[in-house]
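*Asks:* Sequence plus predicted model, see below.
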Number of protein chains: 2
Amino acid sequence: MTWLDLPEDTGFGLENLPYGVFSPAEGRPRIGVAIGAAVLDAGAVATATGAPFAQLLAGPVLNPLLAAGRPTWQQVRRALVEWLTEPVFADVVRPHLHPRAEVTLQLPVEIGDYVDFYASEHHATNVGRIFRPDSDALTPNWKHLPIGYHGRAGSVVVSGTPIVRPTGQRKGPADPEPVFGPSVRLDIEAEVGFVVGAGSALGTSIPVADFAEHVFGVFLLNDWSARDIQAWEYVPLGPFLGKSFATSVSPWIVPLEALRSARVAPPARDPQPLPYLRGAEDWGLDLAIEVRLNGHRLARPPFAAMYWTPAQMLAHLTVNGAPTRPGDVYASGTVSGPERDQRGSLLELSWGGTEPLTLADGSTRTYLEDGDEVTISASAPAPGGSRIEFGEVSGRIVPAPDRT
Amino acid sequence: MTWLDLPEDTGFGLENLPYGVFSPAEGRPRIGVAIGAAVLDAGAVATATGAPFAQLLAGPVLNPLLAAGRPTWQQVRRALVEWLTEPVFADVVRPHLHPRAEVTLQLPVEIGDYVDFYASEHHATNVGRIFRPDSDALTPNWKHLPIGYHGRAGSVVVSGTPIVRPTGQRKGPADPEPVFGPSVRLDIEAEVGFVVGAGSALGTSIPVADFAEHVFGVFLLNDWSARDIQAWEYVPLGPFLGKSFATSVSPWIVPLEALRSARVAPPARDPQPLPYLRGAEDWGLDLAIEVRLNGHRLARPPFAAMYWTPAQMLAHLTVNGAPTRPGDVYASGTVSGPERDQRGSLLELSWGGTEPLTLADGSTRTYLEDGDEVTISASAPAPGGSRIEFGEVSGRIVPAPDRT
């Protein structure tokens, strides 16, 4: 029990303790831990208590803590629980609690490489049917390996950052020449991201069984996508400008340790994957995601339905000897379930723009309009039947500047 | 005239002055400038002379200098020339010259994002014919935009780093199921890379005319490629593990300023590209590249033949509002010319493995064997009829570890 006065079902109780970086009204960015409606200045408390890991929490990013490895992550987590439960720490901790509503949250990690997978069978099937109606929905490789590609790490921004509508080339089947201008098919992708803590050297790989030694935590992503730009550019080298203009992430990284009660068996895989994609830590996560547009619920994608698991994605990413660094991020790709209201992108929800959605206020959408705000949230089971919340990732579309 | 005793045609004279990072036999990495057979400890001389930019050269990477912007790059270059030509500086400079043969060269830049383009029409045409013999060699978008994709920044290594043969999945047309194991089609890609200096903010773009305000310099890349892994994985999201295991770069970054005499008109473009791909700085570079395998010359790709120019690539990369950071790198893609001996990859030189090459020692190759060493070098015209040299990028293949 904590000595803090926490609301029941806060979603940010002792079972959660996600990490972020916040700026108080004045002063430098600090490493914080969300607890109830507050943020704990973890670096300040570590210094005040003489904790041996205080230097790892000095800020302004989580990378030193990430690099320290799993035994240290567990040590810090035990200390956080101790500070928040032992009354003897109340007086030293209390001055370092800030109301979350009064701080500004920052991008918590200096991101090395950002990889985006395509791990939902339902999403990949929908996209295949929409983009390539004359071919099989899934490409022949899809069930043999988690397909992925590198995104732009420098375009990853924290929740709340305005998203400028991207400009670029598009060419529909009826256009004789490519057209230049702001994207007219601006979309979202509701995704789950994984933050690498302990890295791995060039020429080595991370087996499925070693997943939890390397991955520090989990957050939410919105991989904004310009479908018109993407459709024209992506053959043969994959998505580029259709994705690279912005990727928003939630400000709180939920430690993998907090998600033990959320582990679920993945769907049956057929065919059986190659041996390097099997191992003891091949579990999925039962995260319930919700996507809202201007406050209206659009979809509830279930992360438990993902075909490829987080450990398989990392094993695949490194099987060729690619190195990883503390702060690398890889994301699941759009999370979509089998039901219509479980689709994590407007591309799927509007079936390629052919079936407009009607929002609760009576307005309709195929793709995003200027001024639209999209918010993605998620929760997961915690011990004792409670739930933990992920921080929301939110972004509002601002009009494209003139680039003619 | 320099007071140093430089060999004629050194390739590393006063017209060049490329930047790198070196470690002397003892002590921390330092920022160096190649001059003749020596490396000048530029940070030490800047400190000794009280130069206002000394802090930018404190090391261990070039990023602070990159971020400082073009007026500062020009100021530092003027100072380097002054130090090496005014006899009054000889006594202060001489103790900070190290024989290049006695130092270890490091990766000179902390790389943000790494983008690889596909800007050679000859290369793209060859690849299209080999990989997609039943389709048009060039995809419909190819002459409208410089196709590119993001590579893995964390896999970029300096020349001399051993290259571990990657392991992964492959599936030939005759294989009923994918096969797992070391790549059997390990290849090179001879490329030219561009190092971004001054960055650009999220939501803004860099017009062709602003190229030289943003790009600091040029180096050579070998984008090692596992063609069998790539062929199986790349549809629909592009190359991933077939490329992400390693990319080698030359240790010396030749300032854009040093390449004024190398500027050439690009080939005629038909159709005329969209307005955002036109502008005053739309020039190519007359770099003569040479690729050697175990000392035998394989190819002499001409960079002047590239269809898309460096300024067009950067304008395209940012037209959607993607930000750039000091230390971002983008590369040209394989440089191939129209002639058979001008092809920058073994894929092309051996025509998909069907036409083995015979080296000068009588041995034959389709793709790389363990122990093979590939070296790429280049030179460019300098003022007064002399030439400047790029540092070589070299790498030797070591066998794959057992990953079953």
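*Replies:* Done, it's in.

*Asks:* and residue A:89, how far is that from residue A:95?
*Replies:* For residue A:89, the distance to residue A:95 equals 12 Å [C-beta to C-beta, to the nearest Å]. From N, CA and C alone the C-beta is placed, and that goes for glycine too.

*Asks:* Comparing these two, which residue is more hemmed in?
*Replies:* residue A:89 (17 against 11; other C-beta atoms under 10 Å in any protein chain shown).

*Asks:* The more buried one in helix, strand or coil?
*Replies:* Three-state call for residue A:89 (DSSP: H, G, I helix; E, B strand; the rest coil): helix.

*Asks:* ok, it - contacts?
*Replies:* A:49, A:82-83 (C-beta atoms under 8 Å, 6 or more residues apart in numbering or on different chains).

*Asks:* and which of the residues you listed is nearest residue B:182?
*Replies:* Checking those against residue B:182 by C-beta to C-beta gives residue A:82 as the nearest, at 48.9 Å.

*Asks:* Can you say which of the contacts of residue A:89 are buried?
*Replies:* Listed as buried from those are residue A:83; burial here means 16 or more other C-beta atoms under 10 Å in any protein chain shown.

*Asks:* ok, and what's touching the longest helix seen in chain A?
*Replies:* Determined from DSSP state H, the single longest helix within chain A is helix A:70-85. Here helix A:70-85 makes contact (C-beta under 8 Å, 6+ apart) with A:1-4, A:14, A:17, A:33, A:35, A:40, A:42, A:45-46, A:49, A:51, A:53, A:56-57, A:65, A:89, A:92-93, A:197-198, A:212-213, A:216, A:255, A:257.

*Asks:* Among the residues you listed, which lie within helices?
*Replies:* Per DSSP H, these map to helices at A:42, A:45-46, A:65, A:92-93, A:212-213.

*Asks:* wait, which of those residues is closest to chain B?
*Replies:* Chain B has its nearest neighbour among those in residue A:213, at 17.5 Å by C-beta to the nearest C-beta.

*Asks:* need the contact list for that closest one.
*Replies:* By C-beta under 8 Å, 6+ apart, the residues touching residue A:213 are A:69-70, A:198.

*Asks:* Same check on residue A:361?
*Replies:* By C-beta under 8 Å, 6+ apart, the contact set of residue A:361 is A:294, A:296.

*Asks:* can you check the one 5 residues further on too?
*Replies:* Contacts for residue A:366 (C-beta under 8 Å, 6+ apart) come out as A:185, A:346, A:350, A:353, A:356-357.

*Asks:* again, but for residue A:390
*Replies:* By C-beta under 8 Å, 6+ apart, the contact set of residue A:390 is A:18, A:218-220, A:250, A:252, A:254, A:287, A:377-380.

*Asks:* which of these lies closest to chain B?
*Replies:* When the contacts of residue A:390 are compared against chain B (criterion: C-beta to the nearest C-beta), the nearest one is residue A:250, at 18.0 Å.

*Asks:* Which parts of the stretch 201-350 of chain A are strands?
*Replies:* With DSSP state E, counting those that start in this stretch as the criterion, the stretch 201-350 of chain A has strands at A:215-222, A:225-226, A:247-249, A:254-255, A:263-264, A:284-285, A:288-293, A:296-299, A:329-331.

*Asks:* Out of those strands, which is closest to residue A:180?
*Replies:* Between residue A:180 and those, the tightest spacing by C-beta to C-beta is seen for strand A:225-226, at 12.7 Å.

*Asks:* The closest residue to residue A:278 other than its chain neighbours: what's it in contact with?
*Replies:* Nearest residue to residue A:278, sequence neighbours excluded (C-beta to C-beta, 6 or more residues apart in numbering or on different chains): residue A:208, at 6.2 Å. Residues near residue A:208 by C-beta under 8 Å, 6+ apart: A:276-282, A:311-312, A:314-315.

*Asks:* Then residue A:137?
*Replies:* Residue A:137 sits next to A:124-126, A:128-129 when contact means C-beta under 8 Å, 6+ apart.

*Asks:* How much space separates the residue nearest to residue A:346 when sequence neighbours are not counted from chain B?
*Replies:* Leaving aside its chain neighbours, residue A:346 sits nearest to residue A:187 (4.7 Å; criterion: C-beta to C-beta, 6+ apart). From residue A:187 across to chain B, the span is 14 Å (C-beta to the nearest C-beta, to the nearest Å).

*Asks:* what sits opposite residue A:187 in the beta ladder?
*Replies:* residue A:225 (DSSP bridges).

*Asks:* And the contacts of helix A:70-85, which of them are buried?
*Replies:* A:2, A:4, A:14, A:17, A:33, A:35, A:40, A:42, A:45-46, A:51, A:53, A:56-57, A:65, A:89, A:93, A:197-198, A:212, A:216, A:255.

*Asks:* hey, where'd the strands end up in the stretch 51-200 of chain A?
*Replies:* A:97-99, A:104-106, A:114-117, A:148-151, A:156-158, A:163-164, A:167-170, A:179-182, A:186-187, A:190-196.

*Asks:* any chance of those strands in a markdown table, with mean pLDDT and mean neighbour count too?
*Replies:* Formatted as a markdown table, the strands of the stretch 51-200 of chain A follow (pLDDT from 0 to 100; neighbours: other C-beta atoms under 10 Å in any protein chain shown):
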| stretch | mean pLDDT | mean neighbour count |
| --- | --- | --- |
| strand A:97-99 | 96 | 15 |
| strand A:104-106 | 97 | 17 |
| strand A:114-117 | 98 | 27 |
| strand A:148-151 | 98 | 26 |
| strand A:156-158 | 98 | 21 |
| strand A:163-164 | 98 | 22 |
| strand A:167-170 | 98 | 25 |
| strand A:179-182 | 97 | 17 |
| strand A:186-187 | 98 | 26 |
| strand A:190-196 | 98 | 27 |
